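Trainee: Provide a 3D model corresponding to the input given below.
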Amino acid sequence: MEFSEEQLKKLSVLFEEKVEKELTIEEVRKFVQLDTIDDCKQYLRVMLDFFFEVFKSPEGRKAMSSLENERNIWLQTIFSKSCHFLYLLDGVGYNNGSNHLNPIIDPSVLFTIARRIYESVIAFELLFVIPSTEDEQTILYNLFMAQGLTERLNDFDEEMRSHNPQRVAEEQQNIDNCMNEIEKTELYSNLSQQTKNQIKNAFGIRYRYVFEEDNTMKRVSFEDAYKYLRIKKDLLKNTYSFFSLHGHPSYLALIQFHDAFKRESRADLTIMAPHATQCVLAFMSIFIVDYMKLVPEIKAMYDKLEEPRRFAIGMYEDAMKGEKKFQ
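Mentor: All right, here's what the predicted structure looks like:
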């Protein structure tokens, strides 16, 4: 992710305040590239500060419907995951009284959390940002609810079902209500039979879809979901497969773990952690900018921030989308 000289100058104001010294453009460039773990932590805190201010504010808790309330909770989940990511950057050591392990940062754990943040941002976009009408959102969100509620119901064992049949009936009713909400929309009544069948087949199983212009539905995988973020030049192409490769017990993850902690070249500190942090910052920037588009009161809070903070919060989103609205 490349930044212009003007962008770097704006960032220098913020970073001078943080480190209490005048910085050159080259020093700012190094900071943006996150060459050290301290750089990673400082930048994450800039982003997390605003997330925290949002959900602690009356504006961040305001909701006129259950959907808006769950939208607000979504921000809190992104904050929580990102906080856990931040504290993992301290590394984990061990001491059994006679021997000790110096702190290390396990890249597979970082990439696992980064992947979860990416998945959360993608789901948020598919459910709250991309739908162009209220009916589209109603259908997609009820598919989302039905998938989660069905999984919970399927997890009930026989003992639970026999001892608490009322709970089982309530769960099934909640699932049935999701289909009722879908079928009540005008959009559903105008869909082709093929698309209606697609919704019924997905119900309780899948939820990641987008509506096309002709009111057909297209399934979205996490691997290809970056295409719907409206970013430039496929900047996040292969990101999800990269996270999965490093987060799952793959052979590559195994050998990279072996090579990450060499005394002469600590890849966990100099390569893997900064890269994972850049990805998390990009996801957080995309999320909070799109969240502000949905909640004007939060955009008003953002507008009152000093210019360097505004720019730092929105700069990844701006660099990736080129909207020049949140700087």
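Trainee: Restrict stretch 164-178 to CA atoms and write it as CSV.
Mentor: Extracted as CSV, the C-alpha positions of stretch 164-178 are listed here (Å, rounded to 0.1, in the frame of the first residue of the first chain):
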residue,chain,number,x,y,z
ASN,A,164,-36.1,-29.0,27.4
PRO,A,165,-38.5,-29.5,24.5
GLN,A,166,-39.9,-25.9,25.0
ARG,A,167,-36.4,-24.5,24.3
VAL,A,168,-36.2,-26.6,21.2
ALA,A,169,-39.6,-25.4,20.0
GLU,A,170,-38.7,-21.8,20.6
GLU,A,171,-35.5,-22.2,18.6
GLN,A,172,-37.3,-23.8,15.7
GLN,A,173,-39.9,-21.0,15.8
ASN,A,174,-37.2,-18.4,15.6
ILE,A,175,-35.8,-20.1,12.6
ASP,A,176,-39.2,-20.3,11.0
ASN,A,177,-39.7,-16.6,11.6
CYS,A,178,-36.7,-15.9,9.5
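Trainee: Tell me the buried residues in that stretch?
Mentor: Residues Glu171, Ile175, Cys178 are the ones in stretch 164-178 that count as buried (16 or more other Cβ atoms under 10 Å). Placement of C-beta: from N, CA and C, glycine included.
Trainee: Rounded mean pLDDT for that stretch, please.
Mentor: The predicted model assigns stretch 164-178 a mean pLDDT of 93.
Trainee: swap in stretch 104-122?
Mentor: Model confidence over stretch 104-122 averages 92 on the pLDDT scale.
Trainee: nearest to Gly204, of the buried residues of stretch 164-178?
Mentor: Nearest to Gly204 among the buried residues of stretch 164-178, counting by Cβ to Cβ, is Ile175 at 6.5 Å.
Trainee: Look up how far Lys299 lies from the closest one.
Mentor: Using Cβ to Cβ, to the nearest Å, one gets 36 Å for the distance from Ile175 to Lys299.
Trainee: now Leu153
Mentor: Where Lys299 is concerned, Leu153 sits at a distance of 39 Å (Cβ to Cβ).
Trainee: dump the residue contacts of Arg115.
Mentor: Tyr240, Phe243, Ser244, Gly247 (Cβ atoms under 8 Å, 6 or more residues apart in numbering).
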